[in-house]
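> this one's sequence-less:
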């Protein structure tokens, strides 16, 4: 079957969609998941995570709450300080 036939049938994703999915999976596997795009942004000087849905970014010394990002505990727990884990 020709590539054009696969594309027309939807069996092959459009390049833009494929790139988005590959980047998303890569960010989840080897990066910081949903906040990876913030960490890659050269205008962002600090990313602060106070909870699963409480993320702040600092750009040029201005702090803003980021809406629409929810982190799972699987993303947050590995980055907690050792003191937080002590009982």
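On my side now, so go ahead. None of the values given here were measured: they were computed from a predicted structure. Numbering: from 1, shown residues only.

> which residues does residue 60 contact?
Residues in contact with residue 60 (Cβ atoms under 8 Å, 6 or more residues apart in numbering) are 43, 45. (C-beta placed from N, C-alpha, C; glycine too.)

> how close does it get to residue 70?
Distance, residue 60 to residue 70, by Cβ to Cβ, to the nearest Å: 26 Å.

> what do you get for residue 44?
19 Å.

> And the next helix or strand past the lengthiest helix in the chain?
Counting residues, the longest helix in the chain under DSSP state H turns out to be helix 15-30. Downstream of helix 15-30, the next assigned helix or strand under DSSP states H and E is helix 36-40.

> Give me the contact list for that following helix.
27, 31, 32, 44, 47, 55, 57, 66.

> how does it look with 7 Å?
27, 32, 44, 47, 57 (Cβ atoms under 7 Å, 6 or more residues apart in numbering).

> Please give the number of neighbouring residues around the closest residue to the second one other than its chain neighbours.
Across the structure, with Cβ to Cβ, 6 or more residues apart in numbering as the measure, the residue nearest residue 32 apart from its sequence neighbours is residue 39 (5.9 Å). Residue 39 has 12 neighbours, counted by other Cβ atoms under 10 Å.

> need the contact list for residue 56.
Counting by Cβ under 7 Å, 6+ apart, residue 56 touches 48, 63, 64, 65, 66.

> Looking at those, state which has the most neighbours.
Going by other Cβ under 10 Å, residue 66 tops the contacts of residue 56 with 16 neighbours.

> wouldn't it be in contact with residue 57 here?
Yes. Between residue 66 and residue 57 there is a contact under Cβ atoms under 7 Å: 5.7 Å.

> which phi and psi does residue 72 have?
Residue 72 adopts backbone torsions of phi -80, psi 160, taken as degrees, to the nearest 10.

> whoops, I mixed them up, residue 57
Dihedral angles (degrees, to the nearest 10) for residue 57: phi -130, psi 150.
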